[in-house]
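Sequence plus predicted model, see below.
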Amino acid sequence: MAAGAALVLLHAIGVPFFLPSFLGSAPFVTTPHSRVATAVRLLRTHALPRHRARVSQMDRGASQDTIGKLRNKSRKDTNGSLRNESCDENPPLPLAVDLGSGDGRIVRALAMSGWRADGYELNPLLVWWSRVRCLRLPLARFHCADLFRADLSQCTAAVVYGVPGIMSPLADKLHRELPPHALVLSHEFALPPPWALLTQEDSLRVYARTPPAPSAAVQ
């Protein structure tokens, strides 16, 4: 009886590791907590300034009329006195997308640090476990979907832990869909051009989009 229960338990524990092979995705590899902390620090150091600069640029591009309407709109309260009703929306939080989020620990760490964080994972058991662990973190979301179907249009940063066979098409997707200011944090594997290495710490690499070469002067 005990042996049977132990066998069932071993199967239950092993399913998340073997299921990706049947689903055609990369196998699940646990990310050490120390590396998760390093990943969050690298994104905070390199991606957050770019996000803030983009938000500031968007604010400067707004018309003075629009800014006035958002910041100085007033109305009378029930006592007849004027009350300033600021229509300012809080600056948008940075968004990170983890492509192949596994057990969700990177998404969880980012959400706890104040990021909006989305995880894409093909293994439904890992998605379920990730959601359970992040029940009290409204900034964390998980999608049971192929990473190539992820929406990257609003990203501040993308986190990837791919395998050599997918890095080239993944780099193309990142280049095609990420905003110009966004960065990519890659575990273990190098991204091919047009991505340029910005910094590296151990096996974590931060990539920025390669700026276009200046056009040759017309003779």
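Great, that's in hand. Numbers count the residues shown, from 1 in each chain.

Which secondary structure elements does the longest helix seen in the chain sit against?
Longest helix of the chain, by residue count under DSSP state H: helix 33-61. Helices and strands touching helix 33-61, by 3 or more CB pairs under 8 Å, 6 or more residues apart in numbering; DSSP states H and E, are helix 105-112, strand 157-160, strand 183-187, strand 195-201, strand 204-209. (Glycine included, C-beta is placed from N, CA and C.)

And residue 24, what's its pLDDT?
We have a pLDDT of 45 for residue 24.

Same question for residue 73.
In the prediction, the pLDDT value recorded for residue 73 is 51.

I'd like the numbering to begin with 51 instead of 1 from here.
Happy to do that; since the first residue is 51 now, the last one works out to residue 123.

re earlier: the helices and strands packed on helix 83-111 into JSON lines, with extra columns for mean neighbour count?
Below are the helices and strands packed on helix 83-111 laid out as JSON lines (neighbours: other CB atoms under 10 Å):
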{"stretch": "helix 155-162", "mean neighbour count": "23"}
{"stretch": "strand 207-210", "mean neighbour count": "26"}
{"stretch": "strand 233-237", "mean neighbour count": "24"}
{"stretch": "strand 245-251", "mean neighbour count": "14"}
{"stretch": "strand 254-259", "mean neighbour count": "20"}
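
With mean pLDDT added, can I get the ones you listed in JSON lines?
Converted to JSON lines, the helices and strands packed on helix 83-111 look like this (pLDDT from 0 to 100):
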{"stretch": "helix 155-162", "mean pLDDT": "97"}
{"stretch": "strand 207-210", "mean pLDDT": "96"}
{"stretch": "strand 233-237", "mean pLDDT": "95"}
{"stretch": "strand 245-251", "mean pLDDT": "93"}
{"stretch": "strand 254-259", "mean pLDDT": "94"}
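
Can you add distance to residue 226 and give the ones you listed back as a markdown table?
Below are those laid out as a markdown table (distance: least, CB to CB, whole Å):
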| stretch | distance to residue 226 |
| --- | --- |
| helix 155-162 | 23 |
| strand 207-210 | 12 |
| strand 233-237 | 13 |
| strand 245-251 | 12 |
| strand 254-259 | 11 |
